[in-house]
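Enquirer: can't give you the sequence, but here's the structure:
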Ligand SMILES: Cc1cc2nc3c(=O)[nH]c(=O)nc-3n(C[C@H](O)[C@H](O)[C@H](O)COP(=O)(O)O)c2cc1C
Ligand SMILES: CCCCCCC(=O)C(=O)O
């Protein structure tokens, strides 16, 4: 008899039991000492909620709008690579789950299913995540395909000039099984060029193909070659948020890449507010990293996010139960978010306020004031 899964974290344990060590470690681990990986979760648990009571919460609406697209909730699917390592249907199952939940999905450029295949699963609001390769023609082709197959925005990942040092992948000598491919890159580059002798195939491949010279001028260039809005993913400071605005981006994702790039960066939830202050409402600010509970979603929105993206839980659930698992992850987060809203006394996403949360900095300020 299988046990009922009652929260998102349980999928991680079940996935670990089901996947190969190489695949599980690839999904689960962070870089180096994994300080930021732990911090992405712990920082959420240090934020307290401030409920208001005796509010009529008989009707709660969790729907929202993201960059002009109506979605059923502010919980969306982050781009994660290699979904076929988790389940044979890969990103097709993920796309169906996101559509069933009426939410937005970002397709990774390192997906095992192509944009065309994902588009063919049916309607859904989808963005395309982009890495910029040394050969700019590849980037241009990917952007054109995203436009052609109905993707609504380009999400440029800006925290990956090189891959972070993921020691588990090095130890496991991570390599993609030969039946899986980078479907969006097929025909655009010689995928056989992967350095099979390397400790981590991914890291050496990224070293060979990612354009390390990527800079703010290229963000302007990217925006100039497409009518799709460009968002940047991987902002962690107010300074870079201001530069992103100057470069003309239409949205910002506060992200540390699930703590897989530079270790010792702060948790994303800890830097969200400084980015939100710098942006001053000019473009929407989103967050990913460590979202595992509906209360995490609430905290991010209270601190100024327009929505959040969920990474690892999706491939974990895919590994355990395919499309149904991914659907359940999104449903559980939605239910928990709605319950959090009810218990805090808010009836719509718009009613979520900064006063509904107490951060560590707030507590310190209160302690100082009380001493004056
Ligand atoms: C296995 C895995 C693969 C990822 N692949 C990509 C990718 O292809 N492109 C990208 O921009 N981010 C990628 N990310 C980062 C996610 O988009 C996201 O920032 C992160 O997973 C959020 O943290 P969480 O997993 O704690 O929810 C990946 C993350 C993981 C765990
Ligand atoms: C094709 C090589 C790079 C894939 C990187 C996927 C990714 O971002 C990750 O975090 O893993």
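Expert: On my side now, so go ahead. Here the structure is a predicted model, which is why all the values come from computation and not from measurement. Numbering: from 1, shown residues only. Ligands and ions are numbered 1, 2, ... in the order given.
Enquirer: contacts, neighbours, all on C-alpha from now
Expert: Will do.
Enquirer: Which helix or which strand is home to residue 95?
Expert: Assigned by DSSP states H and E, residue 95 belongs to helix 90-100.
Enquirer: Number of residues surrounding residue 190?
Expert: 9 (other C-alpha atoms under 10 Å).
Enquirer: still on that earlier bit, is the helix holding residue 95 in proximity to ligand 1?
Expert: No: using C-alpha under 6 Å from any ligand atom, helix 90-100 stays clear of ligand 1, with a minimum separation of 11.8 Å.
Enquirer: Give me the contact list for that helix.
Expert: Defining contact as C-alpha atoms under 8 Å, 6 or more residues apart in numbering, one finds that helix 90-100 is touched by 76-77, 82-84, 104-105, 107, 111-113, 117-118, 121-125, 314, 318, 322-324, 326-327, 330.
Enquirer: Report the mean per-residue pLDDT for it.
Expert: Averaged across helix 90-100, pLDDT comes to 98.
Enquirer: buried sites along that helix?
Expert: Applying a neighbour-count criterion of 16 or more other C-alpha atoms under 10 Å, one finds 90-99 buried in helix 90-100.
Enquirer: What's the local residue count around the closest residue to residue 353 other than its chain neighbours?
Expert: Among residues not flanking residue 353 along the chain, residue 302 sits closest, at 5.1 Å (C-alpha to C-alpha, 6 or more residues apart in numbering). The local packing of residue 302 (other C-alpha under 10 Å) involves 22 other residues.
Enquirer: switch to numbering from 173
Expert: Shifting the count to begin at 173 puts that one at residue 474.
Enquirer: Am I right that residue 458 sits in a helix?
Expert: No: counting by DSSP: H, G, I helix; E, B strand; the rest coil, residue 458 is not part of a helix but strand.
Enquirer: Identify the residues contacting the residue lying closest to it once chain neighbours are set aside.
Expert: Of all residues beyond its chain neighbours, the one nearest residue 458 is residue 425 (4.6 Å), with distances taken as C-alpha to C-alpha, 6+ apart. By C-alpha under 8 Å, 6+ apart, the residues touching residue 425 are 403-407, 457-460.
Enquirer: And residue 332, by the same measure?
Expert: Applying C-alpha under 8 Å, 6+ apart to residue 332 gives the contacts residue 433.
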